[in-house]
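Q: My questions are about this predicted structure, shown below with the sequence.
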Amino acid sequence: MAVVDALIAQGHTPSLILADRGYTYLKQQMWAMPLHQRGIAQVIDLHKQQRGIRPGPIPGTVYADGGLFTDALPQRLRALLAPTLQMTSEERALLATRYDERTPYAFTTLGKPDRERGTQRYRGPAVTGRVRCPNHLTSMRLSAATRPTTSCTPDKPCACGLTVTLGPDDSFGTRQGPLWGTTKWKASYGRRSAVESANACLKIHHGQLQRHSTRVMGTTRTAILLAFIIAATNTSLLISRYHYDIGDPPADEQQPVASEPNARTALHRKRAFGRRTRATAAVPETAETGSARDGPPPTDDFANII
């Protein structure tokens, strides 16, 4: 939280943080609540003990892997497998589609949250038109071809058409925008791999940050020496990717050089972490291909990652 507060003090308040289980398994007073009070959303991975089916805050509701659902959630969608490191990308994508089938039965947010009280209102899936419920006649007018029909018994109370307010004691630490395990969650949380790439550049590929890299006492002195290591790593990245030498910058009128395109997909692409020289990296200009300097340099758009 000290790092988050330092970003806020510098005018760079993150809107979203992707946090691993080392943070999300903390008590909510130590992580989830402070983020909520600062207006920051989170996309998280769940600990094994945070997953599963649990009773909801009101009758007719259940918590499934941290999300709030109506009790009409089919049994076949309740005990789903968790993604593992041994799964292939195809197996992970297929599993995510199973979690996507839960989405119509989930409660969705209504309005803005109360930051001070830690409350948030949620609407039932029949109110939002995601499912057809026999106890909510308006929803039964929707097309059965595009929306599932719940197994609720007519004239028997259910929560499909209710609005519920969750407080700070209602599974606050596991709340997040995309439902855990879904394709949307997978795409959002998968951006955490960017920080691992940055760590690899700092420790292996463009720098050698390791134990005994600094040999001074105190966080202030260590931070100053780390700043030199990070600056050297950034300089190496500029030379390797854009051929930009910070010691010999190009003229102001020179156009930036875009990185070379790669026809192979990112999944099967071999990464060359060695530095490329100007002679081997230059792309000749021809009538068919045009100049390698055409177009702006690529940009990256990642969420704030911890």
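A: Thanks, I have it. Numbers count the residues shown, from 1 in each chain.
Q: Quick one: the helices in the protein, in order.
A: Listed in chain order, the helices of the chain (DSSP state H) span residues 2-9, 21-24, 32-37, 89-100, 137-140, 183-189, 193-200, 219-242, 278-281.
Q: Need those in JSON lines (columns: mean pLDDT and distance to H206).
A: No exception for glycine: its C-beta is placed from N, CA and C like everyone else's. Formatted as JSON lines, those follow (pLDDT from 0 to 100; distance: least, CB to CB, whole Å):
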{"stretch": "helix 2-9", "mean pLDDT": "93", "distance to H206": "23"}
{"stretch": "helix 21-24", "mean pLDDT": "84", "distance to H206": "26"}
{"stretch": "helix 32-37", "mean pLDDT": "92", "distance to H206": "32"}
{"stretch": "helix 89-100", "mean pLDDT": "94", "distance to H206": "27"}
{"stretch": "helix 137-140", "mean pLDDT": "92", "distance to H206": "56"}
{"stretch": "helix 183-189", "mean pLDDT": "94", "distance to H206": "26"}
{"stretch": "helix 193-200", "mean pLDDT": "84", "distance to H206": "9"}
{"stretch": "helix 219-242", "mean pLDDT": "88", "distance to H206": "4"}
{"stretch": "helix 278-281", "mean pLDDT": "45", "distance to H206": "16"}
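Q: mind giving me JSON lines with the ones you listed and columns for distance to A64 and mean neighbour count?
A: Listed next are the helices of the chain as JSON lines, based on distance: least, CB to CB, whole Å; neighbours: other CB atoms under 10 Å:
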{"stretch": "helix 2-9", "distance to A64": "29", "mean neighbour count": "11"}
{"stretch": "helix 21-24", "distance to A64": "17", "mean neighbour count": "16"}
{"stretch": "helix 32-37", "distance to A64": "19", "mean neighbour count": "18"}
{"stretch": "helix 89-100", "distance to A64": "10", "mean neighbour count": "14"}
{"stretch": "helix 137-140", "distance to A64": "21", "mean neighbour count": "15"}
{"stretch": "helix 183-189", "distance to A64": "13", "mean neighbour count": "17"}
{"stretch": "helix 193-200", "distance to A64": "26", "mean neighbour count": "13"}
{"stretch": "helix 219-242", "distance to A64": "42", "mean neighbour count": "14"}
{"stretch": "helix 278-281", "distance to A64": "50", "mean neighbour count": "10"}
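Q: can you put those helices in JSON lines and add distance to R117?
A: What follows is those, written out as JSON lines (distance: least, CB to CB, whole Å):
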{"stretch": "helix 2-9", "distance to R117": "21"}
{"stretch": "helix 21-24", "distance to R117": "21"}
{"stretch": "helix 32-37", "distance to R117": "10"}
{"stretch": "helix 89-100", "distance to R117": "30"}
{"stretch": "helix 137-140", "distance to R117": "31"}
{"stretch": "helix 183-189", "distance to R117": "26"}
{"stretch": "helix 193-200", "distance to R117": "32"}
{"stretch": "helix 219-242", "distance to R117": "36"}
{"stretch": "helix 278-281", "distance to R117": "57"}
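Q: what about the longest strand in this protein?
A: As assigned by DSSP state E, the longest strand anywhere in the chain is strand 108-114.
Q: Which residues lie in contact with the nearest residue to G67 once chain neighbours are set aside in this structure?
A: Nearest non-adjacent residue to G67, counting by CB to CB, 6 or more residues apart in numbering: L179, 4.6 Å away. Residues counted as contacts of L179 (CB atoms under 8 Å, 6 or more residues apart in numbering) are D65, G67, Y99, R102, T103, A106, W185.
Q: From the residues you listed, list the buried ones, please.
A: Buried members of those, scored by 16 or more other CB atoms under 10 Å, are D65, G67, Y99, R102, T103, A106, W185.
Q: now for the longest strand of the chain, which elements pack on it?
A: Judged by 3 or more CB pairs under 8 Å, 6 or more residues apart in numbering; DSSP states H and E, the packing partners of strand 108-114 are strand 119-123.
Q: Show me which positions of the strand it packs on end up buried.
A: Result for strand 119-123 [16+ other CB under 10 Å]: buried residues Q120, R121, Y122, R123.
Q: neighbours of the spatially closest residue to D20 that is not a sequence neighbour, just the number please.
A: What sits nearest to D20 in space, not counting adjacent residues and going by CB to CB, 6+ apart, is D45, at 5.9 Å. Neighbours of D45 under the rule other CB atoms under 10 Å: 22.
Q: got a list of what the closest residue to P125 other than its chain neighbours touches?
A: Nearest residue to P125, sequence neighbours excluded (CB to CB, 6+ apart): V131, at 4.5 Å. Counting by CB under 8 Å, 6+ apart, V131 makes contact with T70, A72, P104, Y105, P125, S139, R147, P148, T149, T150, C160.
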